[in-house]
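>>> Take this sequence and fold it.
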Amino acid sequence: MKHGAWYNVFLPYRYNDGSSIEAAKFLAIQESLIQRFGGLTRFEQPLFSMQGSWTGFGFTQTEDVKIYGVFSDDINSAREFLEHHKRLWQSSDWLDQEILFMTESAVEVLQPPPSPNLGCGMTSRCGNSDVRWQMFHSIRYSPSAICYPPLDT
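Residues are numbered from 1 along each chain as shown. All right, here's what the predicted structure looks like:
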């Protein structure tokens, strides 16, 4: 089994003033993550309706969010990259956020089954290649999708 970490980057759809964040900024963030990690999983509307809430300044704020997920087996390098980019993406030149939420979870990547008939059969895209998704549940991580090279059919 391959060991590493799964990183989630939570991104708001709107600036703090309520105006929409430009699609080009999300595309640039996606491209930088794909270039660094070799793939990306997007959890975003309309397929996944997600909201984040927090309390501050005497009230609770709730907003729609999207999540970009990436895997790395080089944790130190991944942390360095994400810490640098978190500061960049939070800046007024990018998303203009006081806080940008990111998580790291230890994972074990399941190996592909020996036969295509044993896989879950759900095909999607990861980077520029077709992949199969393997759903798993680990003691150290909640259910998520990990991509691996496609099985020969």
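
>>> which non-adjacent residue is nearest residue 37?
In space, residue 37 comes closest to residue 70 once its chain neighbours are excluded; the distance is 4.0 Å by Cβ to Cβ, 6 or more residues apart in numbering. In short, each C-beta sits where N, CA and C put it, glycine included.

>>> so that neighbour is in which element?
strand 59-72 (DSSP states H and E).

>>> got the buried residues for the next helix or strand along the chain from that strand?
Counting by DSSP H and E, the element after strand 59-72 in chain order, helix or strand, is helix 75-90. Within helix 75-90, the residues that count as buried by 16 or more other Cβ atoms under 10 Å are 78, 81, 82, 85, 86, 89.

>>> pLDDT of the strand holding residue 70, averaged?
Per-residue pLDDT over strand 59-72 has a mean of 93.

>>> Between helix 75-90 and it, find me the angle.
Counting by axes from the mean of the first three to the mean of the last three Cα atoms, to 10 degrees, strand 59-72 lies at 140 degrees to helix 75-90.

>>> List the residues that contact the residue nearest to the spatial centre of the chain.
For the chain, the residue nearest the mean C-alpha position is residue 69 (1.4 Å; Cα atoms, centre = their mean). Each residue near residue 69 by Cβ atoms under 8 Å, 6 or more residues apart in numbering is listed here: 6, 7, 8, 9, 40, 41, 42, 43, 144.

>>> Please name the bridge partners of it.
With DSSP bridges as the criterion, residue 69 is bridged to residue 8, residue 41.

>>> in the chain, which spans are strands?
All strands of the chain, identified by DSSP state E, fall at 2-12, 41-43, 51-56, 59-72, 102-109, 123-126, 129-138, 141-148.

>>> Next, find the distance separating the nearest residue to residue 10 once chain neighbours are set aside from residue 84.
The shortest distance from residue 10 to any non-neighbouring residue, by Cβ to Cβ, 6+ apart, is to residue 101 (4.2 Å). Relative to residue 84, residue 101 is positioned 16 Å away (Cβ to Cβ, to the nearest Å).
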